[in-house]
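Chemist: This is a predicted model, with the sequence first.
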Amino acid sequence: MIKVVCKAKLKQGVTVEEYLKIAREVISETRKEKGCITYTIHEDIHDPTILTMLEEWVNEEAINQHNQSEHVLKIVPELRKLRESTEINLYREVE
């Protein structure tokens, strides 16, 4: 299993509601994908302009397919326009 943490800082003047209105579509569609275990968005407790996607995937192939899906290619560029910065990290459990 692969875990993905995608942390986004919204641009000044962008509201959380504005961002979530777009993000909810990609979340809904992604949860239907084969290989997606979980896909959720979280708001930072101390700074609501920091939103983090927490994802779990069966393997890297599923992530690669997700990244090439129609909804990601259509919606993610719109989300990027609302972000000041983005940090994406992939994790594998150490046994």
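Modeler: Great, that's in hand.
Chemist: Let me know the helix or strand that the residue nearest to the spatial centre of the chain is in.
Modeler: Nearest residue to the geometric centre of the chain (C-alpha atoms, centre = their mean): residue 53, 4.1 Å. Taking DSSP states H and E as the criterion, residue 53 maps to strand 50-57.
Chemist: Alpha carbons of the helix or strand just after that strand, in PDB - could you do that?
Modeler: Next helix or strand after strand 50-57 toward the C-terminus (DSSP H and E): helix 60-67. As requested, the backbone C-alpha atoms of helix 60-67 are provided in PDB (Å, rounded to 0.1, in the frame of the first residue of the first chain):
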ATOM      1  CA  GLU A  60       2.000   2.900  -7.600                       C
ATOM      2  CA  GLU A  61       0.400   1.700 -10.800                       C
ATOM      3  CA  ALA A  62      -3.000   2.800  -9.300                       C
ATOM      4  CA  ILE A  63      -1.600   6.200  -8.500                       C
ATOM      5  CA  ASN A  64      -0.200   6.600 -12.100                       C
ATOM      6  CA  GLN A  65      -3.600   5.600 -13.500                       C
ATOM      7  CA  HIS A  66      -5.200   8.100 -11.200                       C
ATOM      8  CA  ASN A  67      -2.900  10.900 -12.300                       C
END
